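In: next one to model:
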Amino acid sequence: MKYNYKAKEIVLNRELSNLDKLVLNFIKILEKYTDYVIVSDYVSIILGRARATEDVDVFIEKIDKSKFLSLYKEL
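Out: Residues are numbered from 1 along each chain as shown. Next up is the predicted model:
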């Protein structure tokens, strides 16, 4: 794993897990509606640390009800 500072991206040198694929698909949808940040154990996992749990916590900016309902429906 390495971090590309110019592109602001993490480059993984391993096969993606099912959890990685789930998070990437979730992010593709989330990016259409709001800004976000991923926190929690998943950040440790993606950086190569073993964790007892595989939860993914996400903070999003406040969005209006219609935007939220569209996001909810797509998810």
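In: which strand or helix spans I29?
Out: helix 18-30 (DSSP states H and E).
In: can you pull the buried residues of that helix?
Out: 23, 30 (16 or more other C-beta atoms under 10 Å). Just so you know, the C-beta spots here come from the backbone N, C-alpha and C atoms, and that holds for glycine as well.
In: and after the helix or strand of the chain with the lowest mean pLDDT, which helix or strand comes next?
Out: Ranking every helix and strand in the chain by mean pLDDT, DSSP states H and E puts helix 41-46 at the bottom, with a mean of 66. Once helix 41-46 ends, the next helix or strand along the chain (criterion: DSSP H and E) is strand 57-60.
In: show the pLDDT at G48.
Out: G48 carries a pLDDT score of 69 in this model.
In: now do the contacts for I27.
Out: Taking C-beta atoms under 8 Å, 6 or more residues apart in numbering, we find I27 in contact with 36, 38.
In: export the helix holding I29 as PDB, just CAs?
Out: Taking C-alpha atoms only, helix 18-30 is exported to PDB below (Å, rounded to 0.1, in the frame of the first residue of the first chain):
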ATOM      1  CA  ASN A  18     -15.500  -8.400  -0.500                       C
ATOM      2  CA  LEU A  19     -15.600  -5.600   2.100                       C
ATOM      3  CA  ASP A  20     -13.400  -3.400  -0.200                       C
ATOM      4  CA  LYS A  21     -15.700  -4.000  -3.100                       C
ATOM      5  CA  LEU A  22     -18.800  -3.200  -0.900                       C
ATOM      6  CA  VAL A  23     -17.200   0.100   0.300                       C
ATOM      7  CA  LEU A  24     -16.100   1.100  -3.200                       C
ATOM      8  CA  ASN A  25     -19.700   0.500  -4.600                       C
ATOM      9  CA  PHE A  26     -21.200   2.400  -1.600                       C
ATOM     10  CA  ILE A  27     -18.800   5.400  -2.300                       C
ATOM     11  CA  LYS A  28     -19.800   5.500  -6.000                       C
ATOM     12  CA  ILE A  29     -23.400   6.000  -4.900                       C
ATOM     13  CA  LEU A  30     -22.600   8.400  -2.000                       C
END
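In: noted, bye for now.
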